[in-house]
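Colleague: Predicted coordinates and the sequence they were generated for:
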Amino acid sequence: MGKIIKMGLTGGIASGKSEVGRILLTKGIPVIDMDKIGKVLLDSDSAIQSEILAAFGAEAATDHKIDRNKLRGLIFSNLANRRKLESIMHPRIRKEFERRAQEEEAKGNKLIICEAALLIESGYRNSLDKLTVVLAPETNRMTRLLARESVAPEMAQQMFQAQVTDRERLALADYVIENNSDLGVLANKVEALLRQWKSEGLI
């Protein structure tokens, strides 16, 4: 049995990468959403909660519990805070992904998708074999973000600035999907990508 190929899936905020991940999942490709793992750990792991409260104190809490909105404000407005949170969260998130990759490899799967917003920024791209990048016009992304999240435009801008540029993503990408139309067109592009992966022996 060959070693499973770990494929990163990333893109700017509200680029549509999660929709691409969802389509891949419906096609039988294992997709691990690193951001969802992080949220589960944040809600359920008491050791992580204690570390975050010790690191950020009352600024990140309401009634002695982690307040996601306060924490988001702290990390997107301050790079040092973001690095501090990443040092707590990322090792646990990566450990869980590696565990699931081993599970999928044992099942005989050839490919697993590691979906994450900050795949490049965190340096984890270097631990993966391939990278797929989803691109979308920034104006479209900002409109989607403000529609789906209860954030002020200023916070949305900070969230955008916390990520690398599309040019930086493209420089590291093995595969690119441009999400510049509707969901039907996006689904067709994912189908074309799957055909390419099959021709290359990835699936």
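Modeller: Cool, the structure landed.
Colleague: For the most centrally placed residue in the chain, give me the pLDDT.
Modeller: Per CA atoms, centre = their mean, the C-alpha nearest to the average position across the chain is that of residue 116, at 1.4 Å. Residue 116 carries a pLDDT value of 94.
Colleague: who touches the closest residue to it other than its chain neighbours in this structure?
Modeller: Spatially, and ignoring its direct neighbours in sequence, residue 116 is nearest to residue 34 (3.8 Å; CB to CB, 6 or more residues apart in numbering). In short, each C-beta sits where N, CA and C put it, glycine included. If a contact means CB atoms under 8 Å, 6 or more residues apart in numbering, then residue 34 has 93, 97, 114-116, 119 as its contacts.
Colleague: Which element, helix or strand, includes the spatially closest residue to residue 121 that is not a sequence neighbour?
Modeller: Residue nearest to residue 121 in three dimensions, not counting chain neighbours: residue 164, with 5.9 Å by CB to CB, 6+ apart. Per DSSP states H and E, residue 164 falls between elements, in no helix or strand.
Colleague: Can we start the residue count at 211 from this point?
Modeller: I'll keep to 211 as the first residue from here, and by that count the last item is residue 374.
Colleague: For residue 374, give its distance to residue 289.
Modeller: Distance from residue 374 to residue 289, counting by CB to CB, to the nearest Å: 13 Å.
Colleague: Settle it for me: which of those two has more neighbours?
Modeller: More crowded of residue 374 and residue 289, by other CB atoms under 10 Å: residue 374, with 15 against 10.
Colleague: correct me, but that one touches residue 333?
Modeller: No - at 11.4 Å, residue 374 does not count as touching residue 333 under the criterion of CB atoms under 8 Å.
Colleague: Flag every buried residue along stretch 362-380.
Modeller: 365-366, 368-370, 372-373, 376, 379 (16 or more other CB atoms under 10 Å).
Colleague: How far does it sit from its chain's centre?
Modeller: 14 Å (CA atoms, centre = their mean, to the nearest Å).
Colleague: Likewise for stretch 283-295?
Modeller: 17 Å.
Colleague: what's the answer for stretch 345-359, then?
Modeller: Distance, centroid of stretch 345-359 to centroid of chain: 16 Å (CA atoms, centre = their mean).
Colleague: And it, what's buried?
Modeller: 345-346, 351-352, 355.
Colleague: Equivalent analysis for stretch 297-312, please.
Modeller: Applying a neighbour-count criterion of 16+ other CB under 10 Å, the buried positions in stretch 297-312 are 298-300, 302-304, 306-307, 311.
Colleague: Enumerate every residue touching residue 393.
Modeller: Residue 393 sits next to residue 229 when contact means CB under 8 Å, 6+ apart.
Colleague: Would you mind measuring from it to residue 348?
Modeller: Between residue 393 and residue 348 the computed distance is 19 Å (CB to CB).
Colleague: swap in residue 242?
Modeller: Distance from residue 242 to residue 348, counting by CB to CB: 27 Å.
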